[in-house]
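J.: I would like to see how this sequence folds:
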Amino acid sequence: MSIARQLLSINTATVQAMTIQDRRIMTGIGKRAVSSPADPRRIAVRPLGLEGDEQSDLTVHGGLSKAVYAYPHEHYAFWQTVRSQAKAQEWGEPLPYGMLGENLTITGLLESNAYVGDVLKFPDCTLAISEPRRPCYKFEAVMGFKQAVKMMAQSGYCGFYLAVREPGTLAAGESFELIPGQREVSIAELFRAKMRRD
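T.: Prediction:
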């Protein structure tokens, strides 16, 4: 039984200061839901990202090819478990949407079935899969335990960046159609290759 391809939440953040290992850095990783099933307001999608979202380090997230970051909700249970094991959260405590730093919390499309060049067609917006996310020290700080980067690398639960093909708007609760591209390399394969090089 396949899970419906759906947008559960839209998450944005402004750039904020954060102290990590005694260093003060600027980051936009602290995403919070601005459109959810309970409040499905429409959010503008522009070539460089979502209305109200900011990125601090454009080498990691931002620009035309990495304008939007999507993460499969199917992996949330894994992160709840490992964060609980690491005593970073209580057992049974749900993760809020956007906790993985994603703009779009989605269902129905995992890294193994997402290929570079595939298109996600929403009712008023079209996005193209560009590359996997590479976890960094900011992700580890937000997740609250030292092995978070290693856990993402080992699990392959990385999510993927999207380029905006057709700007428009999005709202939580919308379904999307997956339009296959050339299907030469999956996000899972590309992520494994990138992690081996690091």
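J.: Tell me the backbone dihedrals of the nearest residue to residue 4 once chain neighbours are set aside, please.
T.: Computed as CB to CB, 6 or more residues apart in numbering, the closest residue to residue 4 that is not its neighbour in sequence is residue 108, at 5.4 Å. Any C-beta I mention is one placed from the backbone N, CA and C, and that applies to glycine too. Backbone geometry at residue 108, expressed as degrees, to the nearest 10, gives phi 90, psi 0.
J.: Same question for residue 184.
T.: In terms of degrees, to the nearest 10, the main-chain angles of residue 184 are phi -90, psi -40.
J.: is it true that it touches residue 115?
T.: Yes. Counting by CB atoms under 8 Å, residue 184 touches residue 115, with 7.1 Å between them.
J.: Which pLDDT value goes with the residue located most distally from the centre of the chain?
T.: No residue in the chain sits farther from the centre than residue 22, which is 26.6 Å out by CA atoms, centre = their mean. Looking at residue 22, its pLDDT is 89.
J.: Could you measure from it over to residue 80?
T.: 29 Å (CB to CB, to the nearest Å).
J.: which residues sit in contact with residue 171?
T.: Going by CB atoms under 8 Å, 6 or more residues apart in numbering, residue 171 touches 7, 10, 35, 40-43.
J.: which of these tops the neighbour count?
T.: When the contacts of residue 171 are compared by neighbour count (other CB atoms under 10 Å), residue 10 ends up highest, at 31 neighbours.
J.: Could you list the low-pLDDT ranges of the protein?
T.: Within the chain, the stretches with pLDDT under 70 are 1, 198.
J.: run the last query once more with 90
T.: With pLDDT under 90 as the threshold, the chain has low-confidence stretches at 1-3, 18, 20-22, 25-27, 55-63, 134-138, 194, 196-198.
J.: Strands of that one, start to end?
T.: Secondary structure of the chain (DSSP state E): strands located at 6-12, 16-20, 23-27, 32-35, 43-46, 49-50, 68-72, 104-107, 119-122, 125-132, 160-166, 168-170, 177-179.
J.: what packs against the first one?
T.: Spelled out, that is strand 6-12. Contacts defined by 3 or more CB pairs under 8 Å, 6 or more residues apart in numbering; DSSP states H and E place strand 6-12 against strand 32-35, strand 104-107.
J.: Tell me which residues of stretch 89-103 come out buried.
T.: Judged by neighbour count using 16 or more other CB atoms under 10 Å, the buried positions of stretch 89-103 are 89, 95, 97-103.
J.: Could you do stretch 56-74 as well?
T.: 56, 60-63, 66-73.
J.: ok, residue 141 - how many residues close by?
T.: Using other CB under 10 Å, residue 141 has 18 other residues around it.
J.: actually residue 121, sorry about that
T.: Neighbour count of residue 121, defined by other CB under 10 Å: 17.
J.: Hmm, residue 180 and it touching each other?
T.: No. Under the criterion of CB under 8 Å, residue 121 is not in contact with residue 180, lying 11.4 Å apart.
J.: rewinding a little: any chance of CSV for the helices and strands packed on strand 6-12, columns distance to residue 195?
T.: Below are these laid out as CSV (distance: least, CB to CB, whole Å):
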stretch, distance to residue 195
strand 32-35, 28
strand 104-107, 22
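J.: Many thanks, have a good one.
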